[in-house]
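Visitor: Predicted model and sequence follow; I will ask about them next.
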Amino acid sequence: MTTNENTLFIGGRWSPSETGQTYTCLDPYTGGIASRAAAARAGDVDRAIKAARQAFAPWASLAPHMRRDYLMATADAVEARAEEIATAITAEMGGPAGWGAYNVKVLCEKLRFAAGAAYQGLTGEAIPSNNPDRTMMAIRKPAGVVVSIVPWNAPVLLVGASVPAALIVGNTAVIKASEQTPLTQALVVQCFADAGLPDGVVNLITNAPDNAAEVVDALIAHRDVRRIHFTGSTRIGRIIAEKAGGHLKRAVLELGGKAPFIVLADADLDRAVSAAAFGSFANAGQGCLSTERIIVDRSIADEFCERLAAVARKVPHGDPRKESTVLGPVINQAAATRLVEMTADAVSKGAECLAGGTADGRCVAPTVLKGVTPAMRLYQEESFGPIASVVIVDGPEDALRVANDNDYGLSSAIFSRDVTLALDMAKRLNAGMSHLNGATLDDEAQIPFGGVKDSGYGRSGGAIGFEEFTDVQWITIEGPRAPRYPFSE
């Protein structure tokens with residue numbers, strides 16, 4: 001495999017785009033060229049989908065244990081290429097080595113979880129009939145070709161959000177790489193090839209930013225595509241949903257978040273401060289699960305903020321290639337500028353900046369803002385950066401009101417020693433996921449991952465993750481003593 005002009009993986013072969021066009025991705029830290037990739041167009045999309053369609057029937061007909069073995073081998077291949085993948089992550093999206101290792105770990109967990117469910121993903125049920133001489137059943141069948149549109153911020157683990165589950169139940173896949181991380185996602189696809197998957201089962205499209213709309217339109221509109229899985233912004237998710245709906249195709253949408261992190265008066269502050277810092281600053285805050293609103297009871301707000309600011313000041317940030325770096329750059333200069341502007345907006349309207357608030361190029365310092373209010377951009381807008389915004393409230397009900405005062409509904413957290421109270425509050429949160437005394441940034445292969453409201457719909461992971469990529473068929477068998485129809489010779 002090469003990772004320059006030949007980054008399209010179609011029908012088991014690496015190739016350039018039909019036009020021969022390429023584009024370059026820039027290193028977020030150095031500003032230099034991180035990678036060069038093929039710039040696919042609609043014709044390349046057609047080739048990839050046709051390859052996936054041709055591979056579908058033989059792949060779906062394999063015994064489940066054979067698909068299981070392929071996914072287990074892919075996980076082994078990912079681990080074998082872990083260092084190479086982590087290096088690509090650093091070059092293309094600025095993640096330090098720890099972020100690369102985490103991506104590899106989670107993808108392997110998702111591959112092995114899916115492999116372990118080889119005989120569960122397609123189970124059906126026998127259904128009693130009102131007719132005693134009729135046998136009825138509902139079976140699940142693979143849907144067909146699945147399109148997975150993967151983002152740049154977690155470019156490896158988010159391949160695992162859809163592809164392993166889709167493959168284990170017998171679907172084939174076309175992955176559309178992020179325009180920012182084509183090399184990283186090409187390396188992941190190479191791992192499927194290393195594992196010996198049959199030609200056409202997994203295909204990869206890379207495209208230049210200017211051609212994104214054309215490529216996505218072609219992917220969704222193609223008659224052979226039966227499912228779309230998209231992870232990305234709510235703005236783009238709305239477009240994907242509209243286009244998929246226009247073609248009557250089911251989609252799973254994992255979109256933006258504005259995760260609330262509630263700290264009640266009786267919380268264990270050691271754990272709460274640590275979890276808040278992790279959720280706010282990991283991956284430079286560039287995640288849909290990142291902690292975006294820290295909602296703290298007034299009685300402990302001063303102490304909590306002082307301790308969180310002390311942690312923020314100590315977080316090693318800067319060059320992602322340094323072993324000591326925990327927090328690398330944000331994805332581009334526009335993102336860094338926006339974050340500084342959002343901080344300045346909050347300070348100008350009364351918030352107190354206790355740490356950070358500055359940027360050195362694309363490296364934004366871990367920032368703590370105390371006293372964020374609805375008048376400030378940070379109260380409603382997803383920051384997608386390393387900013388801990390603290391909103392001060394008076395008691396549990398006020399905390400719930402603030403937590404639900406948002407259009408998003410993905411992850412959330414509540415810190416309290418009173419687990420009964422915290423559980424009651426969690427049930428009243430408008431969120432797809434809630435963590436009691438844990439960080440908002442969390443994921444396991446066996447859980448139903450997804451959100452509500454503007455954070456999307458559908459679920460990845462767990463048993464429901466397999467259902468998203470299957471169709472249900474009702475089958476009846478009439479016995480010899482079944483009632484006759486009223487029409488006969």
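Guide: Everything's here; your move.
Visitor: in the stretch 351-489 of the chain, which spans are helices?
Guide: Here the stretch 351-489 of the chain has its helices, by DSSP state H, counting those that start in this stretch, at 377-380, 396-403, 419-428, 462-467.
Visitor: could these be laid out in CSV, adding distance to G371, mean neighbour count and mean pLDDT?
Guide: Heads up, the C-betas are built off the backbone N, CA and C, glycines and all. Below are the helices of the stretch 351-489 of the chain laid out as CSV (distance: least, C-beta to C-beta, whole Å; neighbours: other C-beta atoms under 10 Å; pLDDT from 0 to 100):
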stretch, distance to G371, mean neighbour count, mean pLDDT
helix 377-380, 11, 19, 96
helix 396-403, 13, 19, 98
helix 419-428, 23, 15, 98
helix 462-467, 39, 19, 94
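Visitor: Quick one: those helices as CSV, columns for distance to M66 too.
Guide: Formatted as CSV, the helices of the stretch 351-489 of the chain follow (distance: least, C-beta to C-beta, whole Å):
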stretch, distance to M66
helix 377-380, 50
helix 396-403, 47
helix 419-428, 41
helix 462-467, 17
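Visitor: Of all these, which one is nearest I149?
Guide: helix 462-467 (16.6 Å; C-beta to C-beta).
Visitor: Which other helices and strands does the helix or strand harbouring S148 contact?
Guide: Applying DSSP states H and E as the criterion places S148 in strand 145-149. Where contact means 3 or more C-beta pairs under 8 Å, 6 or more residues apart in numbering; DSSP states H and E, strand 145-149 is packed against helix 42-60, helix 163-168, strand 172-176, helix 212-221, strand 225-231.
Visitor: Deepest in the core, which of those is it.
Guide: helix 163-168 (a mean of 29; mean count of other C-beta atoms under 10 Å).
Visitor: returning to what we had before: wait, which of the helices of the stretch 351-489 of the chain is closest to I475?
Guide: Closest among these, using C-beta to C-beta: helix 462-467, at 17.8 Å.
Visitor: could you say what helices and strands the closest one packs with?
Guide: Packed next to helix 462-467, using 3+ C-beta pairs under 8 Å, 6+ apart, are helix 163-168.
Visitor: Put the alpha carbons of the helix it packs on into CSV.
Guide: C-alpha atoms of helix 163-168 as CSV (Å, rounded to 0.1, in the frame of the first residue of the first chain):
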residue,chain,number,x,y,z
VAL,A,163,-17.8,-1.2,10.4
PRO,A,164,-17.3,-4.1,12.8
ALA,A,165,-21.0,-4.5,13.6
ALA,A,166,-21.9,-4.1,9.9
LEU,A,167,-19.4,-6.7,8.8
ILE,A,168,-20.1,-9.4,11.4
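Visitor: And the average pLDDT for that helix is what?
Guide: The pLDDT scores in helix 163-168 average 99.
Visitor: neighbouring contacts of it?
Guide: Applying C-beta atoms under 8 Å, 6 or more residues apart in numbering, the contact partners of helix 163-168 are 59, 64, 67-68, 70-71, 110-111, 113-115, 117-118, 121, 146, 148, 172-173, 175, 201-202, 227, 229, 460-461, 465-466, 468-469.
Visitor: That one: how far from the chain's middle?
Guide: 15 Å (C-alpha atoms, centre = their mean, to the nearest Å).
Visitor: do the same with stretch 438-456
Guide: That offset, for stretch 438-456, works out to 9 Å (C-alpha atoms, centre = their mean).
Visitor: That stretch - what's its average pLDDT?
Guide: On average, stretch 438-456 scores 97.
Visitor: Stretch 195-209 too?
Guide: Mean predicted lDDT for stretch 195-209 stands at 99.
Visitor: Buried residues in it, which are they?
Guide: Buried residues in stretch 195-209, counting neighbours by 16 or more other C-beta atoms under 10 Å, are found at 195, 197, 199-208.
Visitor: got the CA positions of it in CSV?
Guide: The C-alpha coordinates for stretch 195-209 follow below in CSV (Å, rounded to 0.1, in the frame of the first residue of the first chain):
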residue,chain,number,x,y,z
ALA,A,195,-6.3,-9.9,7.8
GLY,A,196,-7.2,-11.4,4.4
LEU,A,197,-10.8,-10.2,4.1
PRO,A,198,-12.2,-11.0,0.6
ASP,A,199,-11.9,-8.4,-2.1
GLY,A,200,-14.6,-5.8,-1.9
VAL,A,201,-15.8,-6.4,1.6
VAL,A,202,-14.2,-3.2,2.9
ASN,A,203,-13.5,-0.3,0.5
LEU,A,204,-12.1,3.2,1.1
ILE,A,205,-12.8,6.5,-0.5
THR,A,206,-10.6,9.6,0.2
ASN,A,207,-11.6,13.0,-1.2
ALA,A,208,-10.5,16.6,-1.3
PRO,A,209,-12.6,19.1,0.8
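Visitor: A282 and L441 touch, don't they?
Guide: Yes. Using C-beta atoms under 8 Å, A282 is in contact with L441, at 5.8 Å.
Visitor: what bits of the protein have low per-residue confidence?
Guide: Residues of the chain meeting the criterion pLDDT under 70: 1-4.
Visitor: let's go with 80 and repeat that
Guide: 1-6, 488-489 (pLDDT under 80).
Visitor: can you list the domain ranges for it.
Guide: As given by automatic domain parsing, the domain ranges for the chain are 8-255+451-474, 259-436.
Visitor: Dump the ones you listed into TSV; add distance to Y485 as well.
Guide: Output for these, formatted as TSV (distance: least, C-beta to C-beta, whole Å):
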stretch	distance to Y485
domain 8-255+451-474	12
domain 259-436	47
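Visitor: Next, the angle from the strand holding S148 to helix 212-221.
Guide: 150 degrees (axes from the mean of the first three to the mean of the last three C-alpha atoms, to 10 degrees).
Visitor: tell me the angle of strand 145-149 relative to strand 172-176?
Guide: Using the same axes, to 10 degrees: strand 145-149 against strand 172-176 is 20 degrees.
Visitor: so what's G100 up against?
Guide: 82, 85-87, 89-90, 156.
Visitor: Please narrow those to those residing in helices.
Guide: Of the contacts of G100, the ones assigned to helices by DSSP state H are 82, 85-87, 89-90.
Visitor: And the strands in the stretch 51-200 of the chain?
Guide: 125-127, 134-142, 145-149, 172-176 (DSSP state E, counting those that start in this stretch).
Visitor: Determine which of those approaches E292 most closely.
Guide: It is, among these and with distance given as C-beta to C-beta, strand 145-149, at 23.2 Å.
Visitor: just to revisit the earlier point, could you list the residues in contact with the strand holding S148?
Guide: Applying C-beta under 8 Å, 6+ apart, the contact partners of strand 145-149 are 49, 52-53, 56, 159, 161-163, 166, 171-176, 216, 219-220, 222, 224-232, 240, 469.
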